[in-house]
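**Q** could you work out the structure for the sequence below:
(one chain, ligands or ions: 1)
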Amino acid sequence: MTMIKLARSQRVKAWAQSSRAGTALATRYVAGSNVVEAVDCATQLLRNSQIRASLFYLGEYVDTSDLVAENVAAKIAVAKALGKADLDVHVSVDPTQIGHQIDPAMARQNAFRIAEAIASASLGHEGSHMLMLDMEDQGVTDATLTLHNDIRAAGLPVAVTLQAYLKRTTNDMKELIALGATVRLVKGAFAAGRDVAYTTRCEVKENSRNLIDLMFSKEAKAAGFKPIIATHDDELRQYASQRAKVQGWLKGADYEFEMLLGVRSELAAWQASNGERVRLYTPFGNDWWPHAMRRIGENPANGLLLARSLVSS
Ligand SMILES: Cc1cc2nc3c(=O)[nH]c(=O)nc-3n(C[C@H](O)[C@H](O)[C@H](O)COP(=O)(O)OP(=O)(O)OC[C@H]3O[C@@H](n4cnc5c(N)ncnc54)[C@H](O)[C@@H]3O)c2cc1C
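**A** Next up is the predicted model:
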């Protein structure tokens, strides 16, 4: 709760984002403040550890047109820069950061613009190129899935995130499997009532396993479906690896694991060296405070990192 309050505090955010203490925190979870630094980080990850990146320009739940324009320009600029660097043109986007809260039609237009930029930046480059739609609170689930399906129907490279905490996800997953889509499975960073959501860690984990079963089924493989398992949870990662093996999915090619930059980095490196395809969600930009606070809140041990950074400022 304290971390959520800290994440939302405009005063603390303004101080942290301009202080030395803040810089120490930011360097762990954020790839840099601009496109050049972000692409440099992605290049180093691939060169040093065979780890791929999905670039995310920070800024969420945006409610002014100026910020929307800034976000869209940054997503397009990073797509072009990734193409020039001959890396995967893989860009993560929250619908609310490209205008969904202001006007869903504008968000749709912006999403198409970004997907088109990704398609043209990746022309002639090998790799996995994608506009990855993040999934926000359940109020935008339908709109995000429709956006995904429309972009996909237009022949543009797109994927979408589904959340194991929502009860509807089993049906959504089945529909996306039938389409042969690319889906990133996460537990979900939001909460909702028991009528629509699983509310205990145990239930969410159980549903994650059931969804992984669907994602690595023979039907999914036959449909050309691409599973992405995004978690730092050892049990779920092992479960997915086992299902992949048993069902004949090729390690390092047919599916991938995704983690967050700065979280359990040793595990990401170990999995990549073990032949798995690993990607890191790699945020960049100046608006990093809410993202870093959420990461710290996910693991009590990280409170020490926060305290040390603040004390040494
Ligand atoms: C690539 C990626 C994309 C995501 N996209 C979305 C999205 O679009 N929508 C959405 O709702 N959610 C998204 N999430 C967040 C996700 O829903 C979970 O909230 C988050 O990943 C934590 O769950 P977990 O599965 O990693 O397991 P947890 O049970 O939280 O963690 C498993 C293990 O990892 C350790 N760990 C977890 N976090 C940290 C940390 N910060 N530092 C150190 N150790 C840690 C824990 O201590 C535990 O041992 C995304 C997550 C990832 C990895």
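
**Q** count the neighbours of the closest residue to Leu82 other than its chain neighbours for me.
**A** Spatially, and ignoring its direct neighbours in sequence, Leu82 is nearest to Val89 (4.6 Å; C-beta to C-beta, 6 or more residues apart in numbering). The way it works is simple: take the backbone N, C-alpha and C, and place the C-beta from them, glycine included. Residues within reach of Val89, counting by other C-beta atoms under 10 Å, total 28.

**Q** which pLDDT value goes with Val89?
**A** Per-residue pLDDT puts Val89 at 98.

**Q** what's the answer for Ala307, then?
**A** What the model reports as pLDDT for Ala307 is 63.

**Q** go on, Ile4?
**A** Reading off the model, Ile4 has pLDDT 63.

**Q** and Gly127, what are its phi and psi?
**A** With angles defined as degrees, to the nearest 10, Gly127 sits at phi 130, psi -170.

**Q** what ranges do the helices span in the stretch 201-313 of the chain?
**A** Residue ranges of the helices in the stretch 201-313 of the chain, as given by DSSP state H, counting those that start in this stretch, are 201-215, 218-222, 234-246, 265-273, 289-297, 302-311.

**Q** spell out which parts of the protein neighbour the ligand.
**A** Proximity of the chain to the ligand, by C-beta under 6 Å from any ligand atom, involves residues 134-135, 161, 163, 186-190, 230-233, 258-260, 263-264, 281, 295, 298-299, 302.

**Q** ok, which of the helices of the stretch 201-313 of the chain comes nearest Pro104?
**A** helix 289-297 (23.0 Å; C-beta to C-beta).

**Q** what about the closest one, average pLDDT?
**A** In this model, helix 289-297 carries a mean pLDDT of 78.

**Q** I'd like to know which elements it is packed against.
**A** helix 2-8, helix 10-17, helix 20-29, helix 302-311 (3 or more C-beta pairs under 8 Å, 6 or more residues apart in numbering; DSSP states H and E).

**Q** one step back: which of the residues of the chain next to the ligand are buried?
**A** Restricting the residues of the chain next to the ligand to buried positions leaves 134-135, 161, 163, 186-188, 230-232, 258-260, 263-264, 281, 295, 302, with burial counted as 16 or more other C-beta atoms under 10 Å.

**Q** OK, contacts around Leu63?
**A** For residue 63 the amino acid is Asp, not Leu. Counting by C-beta atoms under 8 Å, 6 or more residues apart in numbering, Asp63 touches 101-102.

**Q** picking up where we left off before, pick the most deeply packed of the helices of the stretch 201-313 of the chain.
**A** Comparing the helices of the stretch 201-313 of the chain by mean neighbour count (mean count of other C-beta atoms under 10 Å), helix 289-297 ranks first with a mean of 22.

**Q** gap between the residue nearest to Leu82 and Gln109?
**A** For Val89, the distance to Gln109 (C-beta to C-beta, to the nearest Å) stands at 20 Å.

**Q** span of stretch 259-274 from start to end?
**A** This stretch, stretch 259-274, spans 16 Å end to end (C-alpha to C-alpha, to the nearest Å).

**Q** now do stretch 250-269
**A** OK, stretch 250-269 end separation, C-alpha to C-alpha: 19 Å.

**Q** chain center to that stretch, what's the gap?
**A** The chain centroid and the centroid of stretch 250-269 are separated by 12 Å under C-alpha atoms, centre = their mean, to the nearest Å.

**Q** can I assume Met162 sits in a strand?
**A** For residue 162 the amino acid is Leu, not Met. Yes - judged by DSSP: H, G, I helix; E, B strand; the rest coil, Leu162 forms part of a strand.

**Q** is it in a bridge, and if so with what?
**A** In this structure, Leu162 bridges to Leu185 when assessed by DSSP bridges.

**Q** residues touching it, list them.
**A** By C-beta under 8 Å, 6+ apart, the contact set of Leu162 is 135, 169, 172-173, 176, 183-186, 211.

**Q** which of those lies closest to the ligand?
**A** The shortest approach to the ligand among the contacts of Leu162 belongs to Val186, at 3.5 Å (C-beta to the nearest ligand atom).

**Q** leaving out sequence neighbours, find the closest residue to that closest one.
**A** Leaving aside its sequence neighbours, Val186 sits nearest to Ala230 (C-beta to C-beta, 6+ apart; 4.8 Å).

**Q** which strand residues bridge that neighbour?
**A** Glu258.

**Q** what's the pLDDT at the closest residue to Ala31 other than its chain neighbours?
**A** Spatial nearest neighbour of Ala31, chain neighbours left out: Cys41 (3.7 Å); criterion: C-beta to C-beta, 6+ apart. The model reports Cys41 with a pLDDT of 97.
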